[in-house]
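A.B. asks: based on what follows, work out the 3D shape:
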Amino acid sequence: MNKLIPITILTLLFSCAKDTDPATDQSDFTRIYDNNRFDASYYPIDLKQTQDGGFLILGGRKLDSSPFSGTYLLKTDQYGAFVSELEVAENIVAPIGPLSDINNKYYFFSMTPVGLQTQLNEVDPNGTITKTTVLGGSYPTAAYNDNGSFLLLRYDNFNKESVIAKVTTAGSVTQSKGFTIGAGDGVEEKFISHFIRTGRKLPFQVGKTLSGQFFFNGFYNYNFSLVFTDLAASTPTGVVIGQQEDGGFSSILPLEGNRYATSRFNFGDNYLIPNTTMISSGISSIVDLEGNNLPELSANSTVKILTVNLNGRVIIIYGTNTRSNQIALYGYEKTNGKFLGSRYLGYSNPFEISAMISTLDGGLAVSGTTYVAGRFPRICLFKISKNELIKSFK
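C.D. replies: Here you go, the predicted model:
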């Protein structure tokens, strides 16, 4: 196993450690974790800040033995400096986010390489897998930390269903409900190309509304749709219908009541919708939602949404990718969706976002993929202080 080399990019030049301020380095930094295996590929999936102030990053890696991605865990200190890495054994493939933090343990779902069975993995704060439990069922696509247990969205390739399930930290499935994706193999091809990363990465998501209703963003009846369910009825309680795989939500964040911050894609275009009302009953169409079309974003861009409290003012931050290969952050007022400003991360190499979180000091951490020399996928980490966020989103 090769040790990763952390690189600090402060300007176009590298600064010597004796010339930097430790307090500043802890609150604002950029790191790229390089590797001397030029044929290796690494990409981040999610990150969490550990109690020691460092970061734990869940990632994937290219395998020669499987068409599915392998699993990779990276631990840093509070300055983003490399501490340790784990190239997980090849019996744990196709990892998905989030990396859920429950009682100082971290969890993520994955698959077995043979049989494609869903697994729940427990990780300690140092990035070591301490337990793996096989749940059964195939192709996990999204998960959600539901106050100490999980919601899991997976694809049942036998029954051709999108399945949403409640799972305990012990790996027990307590309730589940399946919804047809439609007959035939057309939609299934999209699942497979998503999993083996030969086609488009689809924005699967699962969660709960503020009223406690369950939802998933995935395939239902041939369309990539937002589906609301109580996990009891055989049919959804509500559906926002997408346009096959060409139009749908790329991210959903409940705000309050029936108000949401969302984003959607439509035949490559991207729309940010920081303040919209959706009813979780009945049938509607994704095309009824408008939003802010940003031509600078890459086609069908990945979008992450987060709310941040800045001195008592709650703002919505969107993180996404631009056509110029930077990570863009856009800030909006939570109360009315007013645009507050933007900030761009990355230069020289291409950068793509994977996840963003609030940090213990009130700032922001963003993980992503960069391409060293334009072709070697590596993990990067940006840390932005609270003061810098306030400057960016006035």
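
A.B. asks: rest of the way, CA atoms for contacts and neighbours
C.D. replies: OK.

A.B. asks: look up how far Glu188 lies from the most centrally placed residue in the chain.
C.D. replies: Taking C-alpha atoms, centre = their mean, the centroid of the chain lies closest to Ala355, which sits 4.9 Å from it. Between Ala355 and Glu188 the distance, using C-alpha to C-alpha, to the nearest Å, works out to 26 Å.

A.B. asks: one more: Leu310?
C.D. replies: Applying C-alpha to C-alpha, the value for Leu310 to Glu188 is 43 Å.

A.B. asks: same question, Val134
C.D. replies: With distances defined as C-alpha to C-alpha, the gap from Val134 to Glu188 amounts to 23 Å.

A.B. asks: helix or strand next in line after the helix or strand hosting Thr320, which one?
C.D. replies: When elements are assigned from DSSP states H and E, Thr320 belongs to strand 313-321. On the C-terminal side of strand 313-321, the nearest following helix or strand under DSSP H and E is strand 327-333.

A.B. asks: give me the distance from whichever helix or strand comes after that next one to the chain's centre.
C.D. replies: On the C-terminal side of strand 327-333, the nearest following helix or strand under DSSP H and E is strand 339-345. Between the centre of strand 339-345 and the centre of its chain there are 20 Å (C-alpha atoms, centre = their mean, to the nearest Å).

A.B. asks: now swap in stretch 210-222 and tell me
C.D. replies: Stretch 210-222 has its average C-alpha position 17 Å from the chain's average C-alpha position, going by C-alpha atoms, centre = their mean.

A.B. asks: let's see it as CSV, backbone CA atoms only.
C.D. replies: What follows is stretch 210-222, C-alpha atoms only, in CSV (Å, rounded to 0.1, in the frame of the first residue of the first chain):
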residue,chain,number,x,y,z
LEU,A,210,-40.3,17.2,8.4
SER,A,211,-43.7,15.7,9.0
GLY,A,212,-42.2,12.2,9.1
GLN,A,213,-43.2,10.9,5.7
PHE,A,214,-40.7,8.9,3.8
PHE,A,215,-39.5,9.7,0.3
PHE,A,216,-37.0,8.5,-2.3
ASN,A,217,-35.6,9.9,-5.5
GLY,A,218,-35.2,7.1,-8.0
PHE,A,219,-36.9,5.0,-10.7
TYR,A,220,-40.6,4.4,-10.4
ASN,A,221,-42.8,3.4,-13.4
TYR,A,222,-40.0,4.0,-16.0
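
A.B. asks: shouldn't Asp52 be within a strand?
C.D. replies: No. Judged by DSSP: H, G, I helix; E, B strand; the rest coil, Asp52 forms no part of a strand; its state is coil.

A.B. asks: what about the stretch 151-300 of the chain, any weak spots by pLDDT?
C.D. replies: Within the stretch 151-300 of the chain, the segments meeting pLDDT under 70 span 184.

A.B. asks: can you map out the helices along it?
C.D. replies: Using DSSP state H, counting those that start in this stretch, the helices of the stretch 151-300 of the chain run over residues 186-196.

A.B. asks: what's the angle from whichever strand or helix holds the residue nearest to the centre of the chain to strand 339-345?
C.D. replies: Secondary structure here is read from DSSP H and E; on that basis Ala355 sits in strand 351-358. Angle, strand 351-358 to strand 339-345, by axes from the mean of the first three to the mean of the last three C-alpha atoms, to 10 degrees: 120 degrees.

A.B. asks: to the chain's geometric centre, what's the distance from strand 351-358?
C.D. replies: With C-alpha atoms, centre = their mean as the basis, the mean position of strand 351-358 lies at 8 Å from the chain mean.

A.B. asks: tell me the strands beside it, with direction?
C.D. replies: Using DSSP bridges, the neighbouring strands of strand 351-358 in the sheet come out as strand 364-372 (antiparallel).

A.B. asks: what residues sit buried inside stretch 115-135?
C.D. replies: Within stretch 115-135, the residues that qualify as buried are 116-129, 132, 134-135, counting by 16 or more other C-alpha atoms under 10 Å.

A.B. asks: quick one: that stretch to chain centroid distance?
C.D. replies: Put simply, stretch 115-135 sits 18 Å off its chain's centre (C-alpha atoms, centre = their mean).

A.B. asks: CA-only coordinates of it in PDB, if you can.
C.D. replies: The C-alpha trace of stretch 115-135 is given here as PDB (Å, rounded to 0.1, in the frame of the first residue of the first chain):
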ATOM      1  CA  GLY A 115     -24.200 -12.400  -5.100                       C
ATOM      2  CA  LEU A 116     -24.300  -8.600  -5.000                       C
ATOM      3  CA  GLN A 117     -25.800  -8.700  -1.500                       C
ATOM      4  CA  THR A 118     -26.200  -5.500   0.500                       C
ATOM      5  CA  GLN A 119     -23.800  -5.000   3.500                       C
ATOM      6  CA  LEU A 120     -23.700  -2.600   6.400                       C
ATOM      7  CA  ASN A 121     -20.200  -1.700   7.500                       C
ATOM      8  CA  GLU A 122     -19.200  -0.200  10.900                       C
ATOM      9  CA  VAL A 123     -16.100   2.000  11.100                       C
ATOM     10  CA  ASP A 124     -14.200   3.400  14.000                       C
ATOM     11  CA  PRO A 125     -13.000   7.100  14.100                       C
ATOM     12  CA  ASN A 126      -9.600   6.000  12.900                       C
ATOM     13  CA  GLY A 127     -11.000   4.600   9.700                       C
ATOM     14  CA  THR A 128     -10.800   0.900  10.500                       C
ATOM     15  CA  ILE A 129     -13.800  -1.300   9.600                       C
ATOM     16  CA  THR A 130     -14.800  -3.100  12.800                       C
ATOM     17  CA  LYS A 131     -17.900  -5.000  11.600                       C
ATOM     18  CA  THR A 132     -19.600  -6.000   8.400                       C
ATOM     19  CA  THR A 133     -23.200  -7.400   8.300                       C
ATOM     20  CA  VAL A 134     -24.800  -8.900   5.200                       C
ATOM     21  CA  LEU A 135     -28.500  -7.800   5.000                       C
END
